[in-house]
Structures are given as structure tokens and as C-alpha cells.
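Asks: next input, structure requested:
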Amino acid sequence: MSKPKILLAEDDPNLGDILQEYLTMKGYETLLCRDGEEAWNRFKKDAYQLCILDVMMPKKDGFTLGKEIKKVQEDIPIIYLTAKNLKEDVIAGLKLGADDYITKPFSMEELLLRIAAILRRTTAKEEPKALKTYSFGKFILHYDRQMLQSPTGEHKLTSKENELLKLLASELNQTVSRSHALKVIWGDDSYFNARSMDVYLSKIRKLLKADPTVEIITLHGEGFKLVETNA
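Replies: Now for the predicted structure:
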């Protein structure tokens with residue numbers, strides 16, 4: 001079995017060398033780049049299973065780099081590294097599709113655990129009994145194609161939007177707890193993942209406005225429910 005390949009972009013020479021050496025020692029093939037421009041050029045030339053990007057880098061910052069990477073490979077997981085601990089940075093990372101966000105200084109063990117959790121989730125095989133389509137209201141979720149068919153046309157979904165909508169549709173008119181959704185789709189129910197799920201729920205709600213008989217309601221302290229009503 002081939003080693004997972006990681007693209008690491010970190011302009012701090014000491015931290016970059018330590019991270020590359022540590023991840024290599026732990027079984028990951030790790031390519032270290034010293035700035036965002038170098039990382040972008042290397043990303044275009046090879047395939048990676050995960051990106052670890054420092055937010056503050058010369059030539060091209062981590063958020064700009066992550067946005068460009070997602071345009072090419074939407075589902076590739078990204079972990080952002082930053083010396084800041086600002087709420088705005090976390091939200092900015094989430095909007096760009098970040099899978100995790102670690103504030104410096106951090107322990108190598110913590111980073112390793114987060115990498116392992118993300119790769120377990122992204123490489124997990126589809127459940128053999130999962131349905132390929134889910135119907136609710138005037139919508140049809142084509143799960144195998146990551147596409148939502150609605151009265152306004154077809155909408156391509158991200159992998160997390162697809163998984164989240166499938167989970168809700170499979171429990172139509174039933175409450176799905178926040179903790180259950182987070183553990184099934186993100187691997188754990190941490191604060192960061194909870195904020196990430198809220199962002200994806202907001203995007204899904206906008207798509208569902210095409211049919212007023214369908215909505216996702218929030219049950220405070222319990223979870224969410226995809227509700228289908230008669231108009």
C-alpha cells in the first residue's frame with residue numbers, strides 16, 4: 001500500500017523541516033515548500049491526499065493558495081496552520097472549505113491525530129447498502145453523482161454537502177442529532193467541525209428554497225430535521 005502524500009507549505013525554515021521530518025518518520029510522503037507560489041507549482045505537477053498550508057506565507061498566502069487548490073481538486077482535505085487565533089481567520093478558512101485549523105504552537109501528536117482522522121474519513125469506502133437516490137419534495141438527491149436535482153436545475157454538491165444531505169434525507173422528518181452528524185461525516189464533534197457543519201447547512205438551506213414544502217429546521221439542544229410538508 002502506497003504512503004499517503006502530503007503537500008506541506010510552511011515558510012518558517014525550522015518548523016518546516018521539523019514537520020517534514022516528523023511526518024516522514026510517521027509514514028507520510030511529505031513534500032515541503034517554502035512559500036505559496038512554490039507549493040502551487042508543485043501541486044499542479046503531482047497528486048496529493050492532503051495539504052497542510054501555513055496561512056501567512058510570502059508570494060502567495062495560505063488562504064489564496066487553498067482557494068486555488070480547491071478550484072482544481074474540490075475534495076482534497078486542507079489543514080491550515082496559523083500563528084493567529086482570530087475568529088475571523090477560522091470563518092475565512094471554513095468558507096474556503098478547510099477541513100481543520102491549527103493554531104501555533106501545537107503538538108506534533110495533535111497534528112498527527114488530526115491528519116489520521118481526516119484521511120480515515122476521506123478514504124473511507126461508500127457504505128454498500130447506501131441508496132443512490134433520495135427523493136423529498138420536488139428534489140432528487142443523486143448521491144452517487146453528488147448532485148441535487150431541483151426545480152431550478154441541477155446543482156453539483158461538495159462531498160460534505162452530499163453526505164450531510166444524504167444523512168438528513170435518509171431520516172426524513174426525523175431528528176438527526178448534531179453529535180451524530182458530526183461523528184458520521186467529520187469523524188468527531190469538535191467545535192471547529194461543528195462550525196464547519198453550520199456553514200454547509202446554510203448552503204444546503206439556500207438550495208432547498210426552490211421548494212417551500214421542504215426545509216431543514218433546527219431543534220435547539222437536539223439537532224436538525226429535514227421536513228417535508230404538504231403545500
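Asks: name the residues that touch stretch 187-205?
Replies: Residues from elsewhere that reach stretch 187-205, judged by C-beta atoms under 8 Å, 6 or more residues apart in numbering: 90-91, 94-95, 98-101, 117-118, 120-121, 158, 160-161, 164-165, 178-179, 181-183, 185-186, 215-216, 224. No exception for glycine: its C-beta is placed from N, CA and C like everyone else's.
Asks: centre of the chain versus the top helix by length along the chain, how much separation?
Replies: For the chain, the helix that runs over the most residues, judged by DSSP state H, is helix 191-208. Computed by C-alpha atoms, centre = their mean, to the nearest Å, the chain-centroid distance of helix 191-208 equals 11 Å.
Asks: quick one: buried residues of it?
Replies: For helix 191-208, a neighbour-count test (16 or more other C-beta atoms under 10 Å) marks 192-193, 196-197, 200-201, 204, 207-208 as buried.
Asks: could these be laid out in JSON lines, adding distance to Leu50 and pLDDT?
Replies: Shown next, in JSON lines, are these (distance: C-beta to C-beta, whole Å; pLDDT from 0 to 100):
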{"residue": "Phe192", "distance to Leu50": "16", "pLDDT": "82"}
{"residue": "Asn193", "distance to Leu50": "16", "pLDDT": "83"}
{"residue": "Ser196", "distance to Leu50": "16", "pLDDT": "87"}
{"residue": "Met197", "distance to Leu50": "20", "pLDDT": "89"}
{"residue": "Tyr200", "distance to Leu50": "20", "pLDDT": "91"}
{"residue": "Leu201", "distance to Leu50": "25", "pLDDT": "93"}
{"residue": "Ile204", "distance to Leu50": "25", "pLDDT": "95"}
{"residue": "Leu207", "distance to Leu50": "28", "pLDDT": "94"}
{"residue": "Leu208", "distance to Leu50": "31", "pLDDT": "95"}
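Asks: now the residues you listed as CSV including distance to Pro77?
Replies: Shown next, in CSV, are these (distance: C-beta to C-beta, whole Å):
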residue, distance to Pro77
Phe192, 13
Asn193, 12
Ser196, 12
Met197, 15
Tyr200, 15
Leu201, 20
Ile204, 20
Leu207, 23
Leu208, 26
